[in-house]
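S.K.: Sequence and predicted structure below; questions after.
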Amino acid sequence: MKRTELTRNTTAYLFDEIEDYYTCVFLIEKKSTIFVIDTFCGSISMEPILRHLARVGKGKQVIVVNTHFHWDHVWGNVAFQDRTIIGHRFCYEDLATSWQSQIDNRGRYRLGRVERVLPSLTFDQSLRFPAEKIEIFHSPGHTRDSISIFDHEEGALYVGDNVETPIIYVEAPDVDTYIQTLEHYLARSARKIFGSHTLEITPADIENSIDYLKKLKTGTGVVFRSEYEKTIHSQNLSMLK
């Protein structure tokens with residue numbers, strides 16, 4: 001695990017226990033609230049974050065946000081059972097439905113204790129924390145339940161798995177809505193953009209993702225620079241079918 005400072009009030013914890021990619025957990029520290037963005041793969045992975053919260057979080061509320069229902073973003077929820085855990089209502093539904101199948105298929109990645117802990121606070125369109133200048137909004141794309149976080153104070157946008165390089169994963173068939181979400185990101189004019197598997201995202205990365213989705217719809221014009229991209233593209237095509 002690697003810890004890196006991103007902004008005046010944001011820290012990223014990068015975990016590399018999963019082959020092929022790293023996964024980020026973000027801490028956004030505000031005056032009275034600390035937001036934990038995703039929880040990775042179990043209780044052990046959350047230990048360094050809990051130690052940090054014990055040092056700096058006295059008197060502060062801790063709120064956990066699940067950007068979507070996938071196992072590598074929610075299994076550490078068990079470390080925050082006594083805290084508010086925010087997710088889209090689809091996150092609650094899809095995590096409840098897929099919990100056992102994700103354990104069956106990906107259980108080898110469990111880090112410490114993993115228990116079925118679902119979001120305790122759900123929403124449809126958006127949640128706002130005005131005092132902290134934090135906005136959490138529905139941004140369907142990678143999955144139907146995907147949500148994003150915008151820190152208005154820092155101009156920082158957290159996009160979960162909706163954008164990553166060199167190629168995005170499409171795990172919901174509504175490509176048009178995915179494109180709309182990415183166009184909405186660009187309209188935000190964020191000063192900084194962070195992703196769960198590609199730490200620093202640029203507007204060009206988002207534009208390239210939009211271009212890829214348009215080509216994915218037609219099945220033509222995609223240029224591959226690696227076998228990895230070809231493999232993910234094949235999986236994306238299968239999802240659309």
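M.R.: Perfect, thanks for sending it. Numbering: from 1, shown residues only.

S.K.: contacts, neighbours, all on C-alpha from now
M.R.: Will do.

S.K.: For residue 19, see how far away residue 95 is.
M.R.: Distance of residue 95 to residue 19, computed by CA to CA, to the nearest Å: 23 Å.

S.K.: So for these two, which sits in the more crowded spot?
M.R.: It is residue 95, of residue 95 and residue 19, that has more neighbours when counted by other CA atoms under 10 Å, with 23 against 6.

S.K.: excluding its backbone neighbours, what's nearest that one?
M.R.: residue 69 (5.1 Å; CA to CA, 6 or more residues apart in numbering).

S.K.: Could you look up the SS state of that neighbour?
M.R.: Under DSSP: H, G, I helix; E, B strand; the rest coil, residue 69 falls in the coil class.

S.K.: just residue 232 next, same as before
M.R.: Following three-state DSSP, residue 232 is assigned to helix.

S.K.: ditto for residue 64
M.R.: Going by three-state DSSP: residue 64 is strand.

S.K.: list the buried ones in the helix or strand of the chain with the lowest mean pLDDT?
M.R.: Least confident helix or strand of the chain, by mean pLDDT, DSSP states H and E, is helix 227-240 with a mean of 92. Buried residues in helix 227-240, counted by 16 or more other CA atoms under 10 Å: 229, 233, 236.

S.K.: How are the strands of this protein distributed by residue range?
M.R.: 2-7, 10-15, 23-29, 33-37, 61-65, 84-88, 121-123, 126-129, 134-138, 147-151, 156-158, 192-194, 200-201 (DSSP state E).

S.K.: Those into CSV, with extra columns for mean pLDDT, distance to residue 185 and mean neighbour count?
M.R.: CSV is the format used below for these (pLDDT from 0 to 100; distance: least, CA to CA, whole Å; neighbours: other CA atoms under 10 Å):
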stretch, mean pLDDT, distance to residue 185, mean neighbour count
strand 2-7, 94, 19, 13
strand 10-15, 97, 20, 19
strand 23-29, 98, 19, 24
strand 33-37, 98, 18, 21
strand 61-65, 97, 19, 20
strand 84-88, 98, 18, 24
strand 121-123, 98, 20, 16
strand 126-129, 98, 15, 14
strand 134-138, 98, 11, 20
strand 147-151, 98, 9, 24
strand 156-158, 98, 8, 23
strand 192-194, 98, 9, 21
strand 200-201, 98, 11, 18
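
S.K.: before we move on, the earlier item: so what's the gap between the least confident helix or strand of the chain and the chain middle?
M.R.: With CA atoms, centre = their mean, to the nearest Å as the basis, helix 227-240 stands 20 Å off its chain's centre.

S.K.: a markdown table for the buried residues of helix 227-240, including distance to residue 140?
M.R.: Formatted as a markdown table, these follow (distance: CA to CA, whole Å):
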| residue | distance to residue 140 |
| --- | --- |
| 229 | 22 |
| 233 | 19 |
| 236 | 16 |
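
S.K.: Closest to residue 132 out of the residues you listed?
M.R.: Closest approach between the buried residues of helix 227-240 and residue 132, by CA to CA: residue 236, at 37.3 Å.

S.K.: so what's that closest one closest to, chain neighbours aside?
M.R.: Residue 236 sits nearest to residue 170 (CA to CA, 6+ apart), 5.3 Å away.

S.K.: wait, what's in contact with the one you found?
M.R.: Applying CA atoms under 8 Å, 6 or more residues apart in numbering to residue 170 gives the contacts 141, 142, 143, 236, 239.
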